[in-house]
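Participant: Show me the folded form of this:
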Amino acid sequence: MPNGFVDSASSLKSAPPKVPKTPAMLVRLRTLADRLAGSFWPIPGLLVALGIFGAYGLVQLDRSDLLPKTLLQHWVYDGGASGARSLLSAIASSTITVAGTVFSITIAALSLAAGQMGPRLLSNFTRDRGNQVTLGILLGTFGYALTALRSIRTETEGNFIPHVGLTVGIALAIACVGTMVYFIGHMASRINVDTVLELVTEDLDDAIERLTVDKSETEPPPAEFWQGARIVADTRRGYLERIDDEGLASWAAEHGCAIRLLVGIGDFVAPGSPIALAKPAPDGIEEAIRKRSVLTNERNSSSDLRFAVRQLVEVAVRALSPGINDPHTAISVVDRLGATLCSLSQRHLPTGVCDRDGRLALYVPRVQYDQLVNTMFHMIRQSAAGKPAVLIRLLKALTQVASCERDTARIHVLNHHAELVLADARRSVASPSDLEDIERRHFDFARVIKVGPEHYLADPRSVAGTMSG
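Facilitator: The predicted structure is shown next:
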């Protein structure tokens, strides 16, 4: 059989796995951890709890008489009960008011981002640690002030004033002032489109680093390998967010079968639709796949290489819409996508093949180079019809990637997209001068493929032409 795989159920059964099983619940725990990391409220909630319990602890410290009198006389608050209550009341009322202002500014920024850059970018604002910590400090100070306020007693009530607690409350109020100043500058930078693009690009670079490999992996078996396989359907609905590859591969090897998933990370699963092929299909395979996969109602996954790409593409497509008409933002997106492909030239995309002792156990379709490039450039090119500046930048980005790339199959994909850009330009660009510029860019791209980047970059006219775009 090609690729070194054995097309025999008996040979599959004869090889017990040597890889330890991964608990089926582990994939759900990882998904839960990712969702908590991307949620807005865990850090503010933690800081509120810290403020409440911190106030309670400092009140108990004041009650214990463990602090030296010199510290109480010279370094901490030494006012009366009425002044202490007024002070903490002012801190509590002012911090909750400022917290409301912060929340209002955040909502306004989210609305602006949703209108100009797309609602799918809202997760980048809710995951922003600066916003979370700012709101957490303000609400935590509010909780601290209320907790400390309830412990104050006048002469007739028992005469207790938490001197240390009041001093810390004053320090927290000053910290809130600084936090508010920081927050205003922070939000002003976060709604800048270039900053948003850079943040999404960092996510994409991180995904490239995590989801690609240094060496090429085993190629998947041909379609003939799956002849006679049984179709496995799924009753769930949603986007495939995570799959426990190793756990499912170990289960398949244990039961002497080979499994091929028909959907990849980020693909939609419809109720009753085929989700996998199994050869042979042991009892319990549907339950095994359900336990080791997670579906969600929205496409949002740290395991999906195309997710961050789609976010950048959405910004570019919206920028090219008639209502916004901002080609500079689209050009900035194209530059970042081209840089990503240049960094990918030294990496390999995983094939999704999991074997056990040379025998295929699981094949999960992974995004391949042509699919990734299609996701990057198809919608931008289609939206850029009649916009020479963006089409020129697309060809420039493809030229830069071609100068870094050495893989013949990848070069073929890049050439396909360059031909599409040229064809769209000839159909949609009315100005002969603009069309001539685009054709010259395409000629430069073709020259890089034909003679290599070292000869192309040695020509000063070509270098100047590339930089002028």
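Participant: show me where pLDDT drops low in the stretch 51-200 of the chain?
Facilitator: For the stretch 51-200 of the chain, the stretches with pLDDT under 70 are 67-75, 113-114, 116, 118-122, 124.
Participant: can you map out the helices along it?
Facilitator: Counting by DSSP state H, counting those that start in this stretch, the stretch 51-200 of the chain forms helices over residues 69-74, 81-117, 122-126, 129-149, 163-190, 193-211, given from the N-terminal end onward.
Participant: Tell me which stretches of the stretch 251-400 of the chain form helices.
Facilitator: Per DSSP H, counting those that start in this stretch, the stretch 251-400 of the chain has helices spanning 285-291, 305-319, 327-344, 369-383, 388-404. These are given in chain order.
Participant: what's the spacing between the second one and its chain's center?
Facilitator: A distance of 12 Å separates the C-alpha centroid of helix 305-319 from that of its chain, computed with C-alpha atoms, centre = their mean, to the nearest Å.
Participant: if I pick Tyr239, what's in contact with it?
Facilitator: For Tyr239, the contacting residues are 266-269, 295-301, by C-beta atoms under 8 Å, 6 or more residues apart in numbering. All C-beta spots, glycine's among them, are computed from the backbone N, C-alpha and C.
Participant: Find the nearest non-adjacent residue to it, please.
Facilitator: By the measure of C-beta to C-beta, 6 or more residues apart in numbering, the closest residue to Tyr239 outside its immediate chain neighbours is Arg299, 4.8 Å from it.
Participant: okay, now the one you found: neighbour count?
Facilitator: Summarising burial for Arg299: neighbours were counted as other C-beta atoms under 10 Å, giving 18.
Participant: Check the gap between it and Arg127 for me.
Facilitator: 16 Å (C-beta to C-beta, to the nearest Å).
Participant: Any chance of CSV for the helices of the stretch 251-400 of the chain, columns mean neighbour count and mean pLDDT?
Facilitator: Formatted as CSV, the entries for the helices of the stretch 251-400 of the chain read as follows, by neighbours: other C-beta atoms under 10 Å; pLDDT from 0 to 100:
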stretch, mean neighbour count, mean pLDDT
helix 285-291, 18, 90
helix 305-319, 23, 89
helix 327-344, 21, 94
helix 369-383, 19, 95
helix 388-404, 23, 94
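Participant: Identify the residue spatially nearest to Trp330, adjacent ones excluded.
Facilitator: Actually, residue 330 is Ala. It isn't Trp. On the basis of C-beta to C-beta, 6+ apart, the spatially nearest residue to Ala330 that is not a chain neighbour turns out to be Ala316, at 4.2 Å.
Participant: So the one you found is in contact with Asp335, correct?
Facilitator: No - under the criterion of C-beta atoms under 8 Å, Ala316 lies out of contact with Asp335, with a separation of 10.6 Å.
Participant: how about Glu419, secondary structure?
Facilitator: For Glu419, the secondary-structure state derived from DSSP: H, G, I helix; E, B strand; the rest coil is helix.
Participant: That one: how many residues sit nearby?
Facilitator: Close neighbours of Glu419, defined as other C-beta under 10 Å, add up to 13.
Participant: from what I can see Leu305 touches Val367, true?
Facilitator: Yes - here Leu305 reaches Val367: they are 5.1 Å apart, a contact under C-beta under 8 Å.
Participant: Now the common contact residues for those two.
Facilitator: Taking C-beta under 8 Å, 6+ apart as the contact definition, Leu305 and Val367 share the neighbouring residues 265, 349.
Participant: how close does the residue nearest to Gln371 when sequence neighbours are not counted get to Leu349?
Facilitator: Closest residue in space to Gln371, ignoring its immediate chain neighbours: Arg306 at 7.5 Å, by C-beta to C-beta, 6+ apart. According to C-beta to C-beta, Arg306 and Leu349 sit 11 Å apart.
Participant: shared neighbours of those two, which are they?
Facilitator: 367, 372.
Participant: what's the distance between the nearest residue to Val200 once chain neighbours are set aside and Asn131?
Facilitator: With sequence-adjacent residues excluded and distances taken as C-beta to C-beta, 6+ apart, Val200 is closest to Gln311, at 5.0 Å. Taking C-beta to C-beta as the measure, Gln311 and Asn131 are separated by 18 Å.
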